[in-house]
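# Using only what follows, build the 3D model:
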Amino acid sequence: MRRNLGKEARLVLALVSLMFLAADWPSFRGPDSAAAAPEAKVPTHWTSVSNVAWKVALPGAGASSPITWGDKVFVTSYSGYGLDQDKPGDEKDLRLHLLCLDLETGKVVWARAIEPRIPEQEYRGFLALHGYASSTPATDGEQVYMFAGQTGVFAFTMAGKPVWKADVGSGRHEWGSGTSVVLHRDLVIVNAGVESGAIVALNKTDGKEAWRFEGIEMSWSTPVVATAAGGRSELIVSMKGKVLGLAPESGEKLWECAGVQDYVCPSVVAHDGIAYITGGRKPYCMAVRLGGNGDVLGSHVLWQIAETPGIATPLVHEGRLYWIDKRGRAACVEATSGKVLYERNLEIKGRGDKVYASLVLAGGQIYGVTRESGTIVLKPGAEFEEVTRNDVDDPGIFNATPAVAGNRLLLRSDRNLYCISE
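Next comes the predicted model:
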């Protein structure tokens, strides 16, 4: 009898583990680009020695986010050049890396090194704040897709075997490259605004170009596929001066309107048929109802306000927008009206930009990673409430948006990857 109960207990534990592993985080900001895992039970308190399930040294720096599928974690980095602004080294030694790790243990399952196209943009200025591995990969459970700027887009099997490589342009910029790939049905969609001034869609099977939309300017924003009230799928793209709604299957322009009158870094956020657009040096944020045709400025723009996170992407949760801006101020905005509910200076250390990572929701808390002051946990609501701050004593820089995998929070610095879990 005891032996049978033991087997049943082990079976239950195995099923529970599989349930946790099934909560995939397959792309930048997770499922549906929502940055939310409402059912997760992630710790709100941790240190370098408590509630850290594992810590793994990465082969190099990077600002990309980790992603997960089943029992696998994927993350990119770079090495060999551009790790020290005073002594950047020889760019001929630059290598890009894609790693697959075991979610349970952090053990490296496989690693691939990619030789980049040279010359690269010189390592200095704003590019030195994030480096050469800032694009988050994506997976559909069959292949892993990785964008590497002028070096191209890559597809690998889940076992790490190269499938194809596609060139989306050779352009460079002093701020570097940083948009993440978007998967939609049988397409890999890339904002190659820096590389070729275009949105490029590639076939998942062979990497061949399916369609291209030209005229993308000053955009480091990852597009999002969203559903309008009538059920139509729309690819929402934010760029300098304009917001576009494209048909994701063909690249046909459905609608457009005036947008951020400056460069754009935050990704588009969409929820319940509304897209939220923000960015620029002069604070600006807007809400646009999807489903329009032609110029929708006068018909579908719901509100515009002089606020912005600058770099990070807002989080939408229960009728409110949340963000921590690059100066270290937390903000909450009513999603229906644009009314600012609160702004609070978080007193984050560091010179210059203090926050690049976007907020994520795990369970009932909001997690915000700062570049040098650890992770701040906030309680959702119309009034500001800081729950706690956590630090893992890592001297590196934390630029990456965290990922949530089951009851685990994956944090990435430019040195290490951490699994936070009870």
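# thinking G328 is in contact with G352, fair?
No - when contacts are counted by Cβ atoms under 8 Å, G328 is not listed as touching G352 (10.7 Å). (C-beta placed from N, C-alpha, C; glycine too.)
# what about those two, which has more around it?
Neighbours were counted for G328 and for G352 using other Cβ atoms under 10 Å; G328 has more, 21 against 9.
# which phi and psi does the more buried one have?
phi 90, psi 30 (degrees, to the nearest 10).
# Pull the contacting residues for A357.
Neighbouring residues of A357 by Cβ atoms under 8 Å, 6 or more residues apart in numbering: A312, G368, V369, T370, R371, F398, N399, A400, T401, P402.
# Y322 is in contact with the first one, correct?
Right, A312. No - if you go by Cβ under 8 Å, A312 and Y322 don't touch, sitting 10.1 Å apart.
# Check the contact lists of the two and give me the overlap.
Contacts common to A312 and Y322, judged by Cβ under 8 Å, 6+ apart, are L359.
# and A53, how far is that from N390?
14 Å (Cβ to Cβ, to the nearest Å).
# so where is the stretch 51-200 of the chain shaky, pLDDT-wise?
Along the stretch 51-200 of the chain, no part satisfies pLDDT under 70.
# For it, which segments count as helices?
193-196 (DSSP state H, counting those that start in this stretch).
# Leaving out sequence neighbours, find the closest residue to V42.
Counting by Cβ to Cβ, 6 or more residues apart in numbering, V42 lies nearest to A362, which is 4.1 Å off, once chain neighbours are set aside.
# Hmm, A37 and the one you found touching each other?
Yes - at 5.1 Å, A362 counts as touching A37 under the criterion of Cβ under 8 Å.
# Now list whatever residues contact both of the two.
Both A362 and A37 are contacted by V404, under the criterion Cβ under 8 Å, 6+ apart.
# hmm, back to that, export the contacts of A357 to CSV and tack on distance to E91 and pLDDT?
Below are the contacts of A357 laid out as CSV (distance: Cβ to Cβ, whole Å; pLDDT from 0 to 100):
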residue, distance to E91, pLDDT
A312, 29, 98
G368, 34, 98
V369, 29, 98
T370, 30, 98
R371, 25, 97
F398, 25, 98
N399, 21, 97
A400, 23, 98
T401, 27, 98
P402, 30, 98
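# and which of those is nearest to L409?
P402 (5.5 Å; Cβ to Cβ).
# now the closest one: how far from V360?
Shown here: P402 relative to V360, a distance of 6 Å by Cβ to Cβ.
# Just the CA atoms of stretch 143-155, as CSV, please.
Extracted C-alpha coordinates of stretch 143-155, given in CSV (Å, rounded to 0.1, in the frame of the first residue of the first chain):
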residue,chain,number,x,y,z
GLN,A,143,11.9,26.2,-34.3
VAL,A,144,13.7,29.0,-32.6
TYR,A,145,14.0,32.3,-34.5
MET,A,146,16.7,34.9,-33.8
PHE,A,147,17.3,38.4,-35.3
ALA,A,148,20.8,39.7,-35.4
GLY,A,149,20.6,43.1,-37.1
GLN,A,150,22.6,43.4,-40.3
THR,A,151,23.9,39.8,-39.8
GLY,A,152,20.3,38.6,-40.5
VAL,A,153,17.5,36.4,-39.2
PHE,A,154,18.2,32.8,-38.2
ALA,A,155,16.1,29.7,-37.7
